[in-house]
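J.: return atomic coordinates for the entry below.
(one chain, ligands or ions: 1)
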Amino acid sequence: MGNVRCAGTTITRLFIHNEKQQQLQKCQVAFQSTVSNVKVENIDNKSADVEWQQALPYKSMPRLTRYQLLRGFLKGGEFADLSLNDFIFKCRERLGDIYRLPGVIGQPDSVVLFNVDDFEKVYRTEGIWPKRPGTDAVRYYRENRKDGFFKETMGLNDNGEKWAKFRHVVNPIMMQPKNAKLYLEPLQKVNLEFVERIREIRDPHTLEVPNNFLVDINHLAFDSVGVVALDHDFGLIRRNPDLEEVRVLCENMSAFLKSIYDLGIKPSFYKYITTPTYRRFAKSMDLTFDITNHYVNEALARLQESPSKDGEERSVLEKLLKVNRKTAIVMAMDMMIAGVDGTSSAITAILLCIAKNPEKQQKLREELLAVLPHRNDQFTIENMKQLPYLRACIKEALRFYPLAFGNVREIGADLVLSGYQVPKGTGALLTTNMLANEELFYPRPREFIPERWLRKPDTTLHDGQRLVAENVNKFINLPFGFGPRSCVGRRIVEIEMELTLANLVRNFNIEYNHSVEKPFSYHLISTPAIPLTFKFTDLK
Ligand code: HEM
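T.: The predicted model follows:
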């Protein structure tokens, strides 16, 4: 038996075998440091084997046939116009809480999982080089670029040792708390412009911002990621809202996300014949490459002209450039592609939640006033640590309106999942965020209750009720993914979301006096789908 096999129910039991032993031991250390409250226990090979032998064969798992899948996605087919979330739900209704999607056109099979114990098993056996399928099209594009730019590195879109090497280099720059000072100030500047922009564009009588306020939120997201990734203040929010190349870049980033669903999840022949979807995707990648490359070169020239006097790097980009130019370009590009749309949807989700829950908004305002009593008090890394309710509001908003259905992994070991044998190498769709609405895990799920996430003063009680189900598995609330492959932009975007919410609540009373039925549409990630006419009233 060459593969590593994993069995067990609540406690994951790892069967360690031959040459995989070292890899799994390292992996356990990584798991334990990421999720401290779950133990990993080794068991002998025999019991793992027994569970595997007793499990139902993979072939007997409920599934769509290849024909049903291909036919369903063809024009007029039952899945053709469905978002990814709706497609996953529709199949769940028909097939249950675990089902198989057959691999088509050279792709491996995938299993779709709704059982939290299965999420845990998949994550705990993902290994030290976890694979997240679905972005093959990016790798294919990068491998086939005529100028061979990505020959040495495909950045975080790579897999295996090459991904690990790149991640090892960028992790300390992107994720170490001490580097937060590099982006706190520029992000705050961008956010103060956003506050001013709201004052400029709201209707003087109704105090509501225009229907197309999403454009302004997009500009905030772009300026925020841009100021970190490209060390460039685009000033889209107020000074340059019509910057042509940024408009092109934004359009292409959205096209990119849509293509990831069309090329990475729906059946597609693009590796055999260049389909129109792939052509559109490659064009968007070319443009993103050209524009990012231009700005990184501009930053490089700027830095060479005026190097920092004390030898200390002044920005994330400068630190990346110290590694080498290619690392800086590839990482900047991936930050823009992965960061802008998600940040914009997350900020929309937070604003809708806070506007619709005035008493929570007031509680947050009181926390802010206690820590920063004067409107012009500066945010620092230290005082931001004293704002637990602010963080709880953001966490609850991401639960209330999740960004995506969940996460994806290639299964790292033969596993028994929901009683079925699932071979190593199968793709797995972990529908973590789809369970965020289930009473079983979050009592009163359709209420926005940031108190769920507070440690003090009461851990879980609210009107005598638990707010997070007892023993809820830690693998259900993972908005930034899990383990070594988790979101590399997490620290940056957390600070960004905290600054946006804190600045707005400090300056305005925020209302949304319209219906919030179906506020988002879902392709790969959520996109706001209603006019965002928030009412912003100045606080005295
Ligand atoms: C609220 C906003 C965001 C959310 C909820 C989010 C969530 C995620 C998730 C779930 C993953 C997959 C993790 C896994 O496979 O375990 C991911 C990966 C990633 N994210 Fe984010 N993200 C956000 C914003 C950002 C921003 C602003 C950036 C860049 C500055 C960014 C850069 C990335 C990159 C580069 C990856 C790939 C990491 C890798 O494969 O090693 N994200 N993100």
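
J.: contact residues of this structure facing the ligand?
T.: 132, 156, 167, 225, 334-335, 338-339, 342-343, 346, 403, 407, 479-482, 485-489, 492-493 (CB under 6 Å from any ligand atom). The way it works is simple: take the backbone N, C-alpha and C, and place the C-beta from them, glycine included.

J.: now those residues: which count as buried?
T.: 132, 156, 167, 225, 334-335, 338-339, 342-343, 346, 403, 407, 479, 481-482, 485, 487-489, 492-493 (16 or more other CB atoms under 10 Å).

J.: who's in contact with the most centrally placed residue in the chain?
T.: Taking CA atoms, centre = their mean, the centroid of the chain lies closest to residue 480, which sits 5.0 Å from it. Residue 480 makes contact with 486, 487, 490 under the criterion CB atoms under 8 Å, 6 or more residues apart in numbering.

J.: now residue 96
T.: Applying CB under 8 Å, 6+ apart, the residues contacting residue 96 are residue 62.

J.: and it, what pLDDT?
T.: pLDDT for residue 96: 97.

J.: go on, residue 533?
T.: Confidence score, pLDDT, at residue 533: 98.

J.: can you list which of the buried ones among the residues of the chain next to the ligand are found in helices?
T.: Of the positions in those, 167, 225, 334, 335, 338, 339, 342, 343, 346, 492, 493 sit in helices, assigned by DSSP state H.

J.: I'd like those as CSV, with pLDDT appended.
T.: Putting these into CSV (pLDDT from 0 to 100) gives the following:
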residue, pLDDT
167, 95
225, 93
334, 90
335, 92
338, 87
339, 90
342, 93
343, 96
346, 98
492, 95
493, 96
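
J.: tell me the contacts of the residue in the stretch 201-350 of the chain positioned nearest to the ligand?
T.: Relative to the ligand, the nearest point of the stretch 201-350 of the chain is residue 339 (3.0 Å; CB to the nearest ligand atom). Listed by CB under 8 Å, 6+ apart, the contact partners of residue 339 are 221, 225, 229, 489, 492, 493.

J.: and the second one, what is it in contact with?
T.: Which is residue 225. Going by CB under 8 Å, 6+ apart, residue 225 touches 335, 336, 339, 340, 343, 489, 492.

J.: from residue 444, how far off is the closest residue to it other than its chain neighbours?
T.: Once flanking residues are discounted, residue 225 sits nearest to residue 339: 4.2 Å by CB to CB, 6 or more residues apart in numbering. Using CB to CB, to the nearest Å, we find residue 339 at a distance of 32 Å from residue 444.

J.: retrieve the pLDDT associated with residue 268.
T.: At residue 268, pLDDT is 69.

J.: what do you get for the one 5 residues further on?
T.: In this model, residue 273 is scored at 78, pLDDT.

J.: what about it, how many neighbours?
T.: 7 (other CB atoms under 10 Å).

J.: which helix or strand contains it?
T.: Under DSSP states H and E, no helix or strand contains residue 273.

J.: same question, residue 100
T.: Going by DSSP H and E, residue 100 is part of strand 98-101.

J.: pairing partners for whichever helix or strand comes after that strand, with directions?
T.: Counting by DSSP H and E, the next helix or strand C-terminal to strand 98-101 is strand 110-113. Its sheet considered, strand 110-113 pairs with strand 98-101 (antiparallel), strand 427-430 (parallel) by DSSP bridges.

J.: chain center to the helix or strand following strand 110-113, what's the gap?
T.: The helix or strand immediately downstream of strand 110-113 is helix 116-124, counting by DSSP H and E. The chain centre lies 18 Å from the centre of helix 116-124; the measure is CA atoms, centre = their mean, to the nearest Å.

J.: skipping adjacent residues, who's closest to residue 123 in space?
T.: Closest to residue 123 by CB to CB, 6+ apart is residue 482, at 4.8 Å.

J.: I'd say the one you found and residue 125 touch.
T.: No. Taking contacts as CB atoms under 8 Å, residue 482 lies outside contact range of residue 125: 12.0 Å.

J.: thinking again about what came up before, local confidence estimate at the residue nearest to the centre of the chain?
T.: 96.

J.: same check, this time on residue 260
T.: The model's pLDDT for residue 260 equals 74.
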